[in-house]
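Q: Would you be able to build a 3D model of this:
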Amino acid sequence: MIFPSPETPLYNHPLPQIEQWLREQGCQQDEKQLHCWHVQRSNWQAELSLDIEQIIVRYVQAGEGGQDIQRAFKYSLSREDIERAVFSGP
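A: Predicted coordinates for the structure are as follows:
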């Protein structure tokens with residue numbers, strides 16, 4: 001699958017390309033809630049949700065006292081910027 005350049009805003013990517021990109025980042029799609037994705041790294045894990053206007057990321061038990069950390073990234077950001085922000089961890 002050919003992707004637009006990394007500097008292209010995510011809203012210019014068709015959904016199948018976004019899904020493929022998430023798979024390439026090691027994410028797994030939830031079988032029941034198809035807009036939800038899970039990713040696990042050696043020192044953190046997160047749940048991603050493809051919302052209408054943004055990607056919502058919840059880093060599980062990554063905050064002080066084991067609290068979840070939630071961040072949201074608008075689709076107007078480039079794929080490269082979102083990749084750096086989300087997959088660098090909490």
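Q: how close does Ile55 get to Gly66?
A: Distance, Ile55 to Gly66, by CB to CB, to the nearest Å: 23 Å. For glycine as for every other residue, the C-beta is placed from the backbone atoms N, C-alpha and C.
Q: These two: who's more crowded?
A: Per other CB atoms under 10 Å, whichever of Ile55 and Gly66 has more neighbours is Ile55, with 22 against 8.
Q: pretty sure that one contacts Glu83?
A: No. Here Ile55 does not reach Glu83: they are 10.7 Å apart, not a contact under CB atoms under 8 Å.
Q: What residues does Ile82 make contact with?
A: Leu10, Ile55, Phe73 (CB atoms under 8 Å, 6 or more residues apart in numbering).
Q: Pick out the residue closest to the middle of this protein.
A: Leu48 (5.0 Å; CA atoms, centre = their mean).
Q: Tally up the residues packed near His38, please.
A: His38 has 15 nearby residues by other CB under 10 Å.
Q: For it, give me its contacts.
A: Cys27, Gln28, Asp30, Gln45, Ala46, Glu47, Leu48.
Q: Sweet, I'm off.
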